[in-house]
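Participant: missing the sequence, but the structure's below:
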């Protein structure tokens, strides 16, 4: 029984890691859930697998320690919540960037420090840091620095700077 | 002692309660006021914890009245109270910055409430006395941090946030597995009871491997070298105020967990984990230092200082002697406060020039006081004499030298080298941003006064590290003494009598009608 569970856990983790390494966002999310389930099964296995032993004190006969099952329940609830959140982020990323592919997000460190704000050093990864104004909601300002747009030339002081 | 048993619960409940209250739609002024009041109350409770634990008491609140090994307990000893206080101070400066910097879109989607939930998770992580509850606290903290990371949905935030979330979820799964294995081997999850049973079992390969698994998890949360690749990209993508708290405290939660687990709980075979921590720590500080020297943007450079500081802390933990633990506890205070101050300064600097790059030149003319603050913080990060950073780093290096193993000496060399590179990187920022002549075609924007004030206050706290190095080191001394005798913690949580597990009623249903 334990050997079977160990094999199953290994299989789930292997599948999870394989999916985690892929480029599609949805597959990454699925990979994480696989790893989470492997973890839950591991707790169940470590706590001892016995047949005909429900975690109930009120029925006659042998019983199991109920605590690992409480741990698993908590882990499932938390995993459910985080998976939902991750899928929401994935959906938003798809809406904003128009790709469901992690690689299409680009690499932020490939930016030329002297090329100015937002222009990338690497033509392979064009402009990943420019917010995509086409996809964004009309009520949301896209840029990272909305405050700099609001400043009129009168705010640009030459002598006093920002010093109070 | 029983009169104060509610106190470990107070910082967590206060933050959570104010977070829930902030979900109520209200005007901005009301939300700001509520956030500030909530954070101040948390800070007050943290100070109360520090005072209550100053004489070595271990405060315990048993949730639901279930005593220690059977129910979940929140505990506060000197270390937990110290971390709670540092987190609360950083939280107050963060809320201050968020209040001073109106951001209508993010505030509409509950920026302030999420910040309070984040503080609640952090406080719970510091004050919990249960391994599985630590996982729950991490999740409370991380879910709030995931939401804050992607709040605003710029493309950069989504990309970096996705990386951050996936990394942390993978680490969390590993933490669940480690909790399950610890329960399977030792039959308990309470820190004190785990420590007691691990001591009864003696050196044991299974327990050590659970410890190594926990080390990997906390290394991922605390951004130690191979697992910290997400950090330097994620933190600069965040809005400034949020980034301040993330940088100052979130990695320290991982360091705190390492300190707690390897000084209190799994102390039987320290050689394996200490060697790992020393090795990882010395690589992490060099990685952070070289990263700093390679970047040209304010908050990217500062993110690498965070990586580097985690490296120093891991180095201190890896040496493992009480002096090293003392130096690490003091360095924790230095690192939290100086990171808060540097990110607050970076916020003002970025706003004043309208760009994230440091190449503005000649800003000394416009922001003289900010320049002074930056110089102080830079010296603190690099660890040069007139600063609190020097005192803490000196103590770390001395502890490494007195331990004297080849790996420790190598790590000391790495610490000194990376301090030198840090100094070079910080002077590069100084040269690029403050020094020289300001190009007349580059505009200088006005920055709201409260943002300036936040940066100055944080820098004043950094200066306070030097002035009050004595009391800080006294506290660190006491903490190290407490951590080197885990029996006191165990007795404080479990009581003086040995834990008696009630006999199993299996097969006799009449015993439990």
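Facilitator: Sure thing, it's come through. These numbers were taken from a predicted model, which means no experiment stands behind them.
Participant: C-alpha only now, for contacts and for neighbours.
Facilitator: Will do.
Participant: can you tell if the lowest-mean-pLDDT helix or strand in chain B touches chain A?
Facilitator: Least confident helix or strand of chain B, by mean pLDDT, DSSP states H and E, is helix B:104-108 with a mean of 85. Yes. Using Cα under 8 Å from any Cα of the partner chain, helix B:104-108 reaches chain A at residue B:105.
Participant: Enumerate the positions of the helix or strand where residue B:287 lies that are buried.
Facilitator: Element membership for residue B:287 (DSSP states H and E) is helix B:270-294. Using 16 or more other Cα atoms under 10 Å in any protein chain shown as the burial criterion, the residues of helix B:270-294 that qualify are B:270, B:273-293.
Participant: quick one: that helix to chain centroid distance?
Facilitator: Put simply, helix B:270-294 sits 17 Å off its chain's centre (Cα atoms, centre = their mean, to the nearest Å).
Participant: pLDDT on that helix, on average?
Facilitator: Averaging pLDDT along helix B:270-294 gives 91.
Participant: From the chain's centroid, how far away is whichever helix or strand comes after it?
Facilitator: Downstream of helix B:270-294, the first helix or strand assigned by DSSP H and E is helix B:298-319. Remark: helix B:298-319 is offset 11 Å from the chain centroid, using Cα atoms, centre = their mean.
Participant: does chain A sit close to helix B:298-319?
Facilitator: No. Helix B:298-319 lies out of reach of chain A by Cα under 8 Å from any Cα, never closer than 9.5 Å.
Participant: Now the element after that helix, going C-ward?
Facilitator: helix B:322-353.
Participant: Now do that following helix against helix B:298-319: the angle between them, please.
Facilitator: With axes from the mean of the first three to the mean of the last three Cα atoms, to 10 degrees defining the directions, helix B:322-353 sits at 180 degrees from helix B:298-319.
Participant: and helix B:322-353, which residues are buried?
Facilitator: In helix B:322-353, counting by 16+ other Cα under 10 Å, buried: B:322-353.
Participant: other SSEs contacting it?
Facilitator: For helix B:322-353, the packing partners by 3 or more Cα pairs under 8 Å, 6 or more residues apart in numbering or on different chains; DSSP states H and E come out as helix B:78-100, helix B:240-245, helix B:298-319, helix B:368-382, helix B:388-403, helix B:449-467, helix B:469-484.
Participant: Comparing those helices, which comes out most buried?
Facilitator: Each of the helices and strands packed on helix B:322-353 was scored by mean neighbour count; the highest is helix B:298-319, a mean of 29, by mean count of other Cα atoms under 10 Å in any protein chain shown.
Participant: Nearest to residue A:96, out of the helices and strands packed on helix B:322-353?
Facilitator: helix B:240-245 (21.6 Å; Cα to Cα).
Participant: Now that closest one: average pLDDT?
Facilitator: On average, helix B:240-245 scores 92.
Participant: now check it, is it near chain A?
Facilitator: No. Judged by Cα under 8 Å from any Cα, helix B:240-245 makes no contact with chain A; its nearest approach is 10.5 Å.
Participant: How about stretch B:213-224?
Facilitator: No. Stretch B:213-224 stays clear of chain A (Cα under 8 Å from any Cα), getting no nearer than 12.9 Å.
Participant: So what touches that stretch?
Facilitator: B:167-168, B:171-172, B:174-175, B:178, B:227-231, B:250-255, B:257-258, B:273, B:280-281, B:284, B:307, B:310-311 (Cα atoms under 8 Å, 6 or more residues apart in numbering or on different chains).
Participant: Also stretch B:44-54?
Facilitator: Contacts for stretch B:44-54 (Cα under 8 Å, 6+ apart): B:7-8, B:10-11, B:59, B:76-78, B:81-82, B:84-85, B:88.
Participant: Now flag whichever of the residues you listed is closest to residue B:432.
Facilitator: Distances from residue B:432 to the contacts of stretch B:44-54, taken by Cα to Cα, are shortest for residue B:88, at 33.1 Å.
Participant: The closest residue to that closest one other than its chain neighbours and chain A: what is the separation?
Facilitator: Of all residues not flanking residue B:88 in the chain, residue B:43 sits nearest, at 5.0 Å (Cα to Cα, 6 or more residues apart in numbering or on different chains). In this structure, residue B:43 and chain A are 28 Å apart, going by Cα to the nearest Cα, to the nearest Å.
Participant: Next up, the contacts around residue B:43.
Facilitator: Per Cα under 8 Å, 6+ apart, neighbours of residue B:43: B:11, B:85, B:88-89, B:92.
Participant: which residues in chain A form strands?
Facilitator: Under the criterion DSSP state E, chain A contains no strands.
Participant: Could you give me the buried positions within the longest helix seen in it?
Facilitator: Using DSSP state H to define each element, chain A has its longest helix at helix A:67-97. The neighbour-count check on helix A:67-97 (16+ other Cα under 10 Å) flags A:68-69, A:71-72, A:75-76, A:78-79, A:82-83, A:85-87, A:89-97 as buried.
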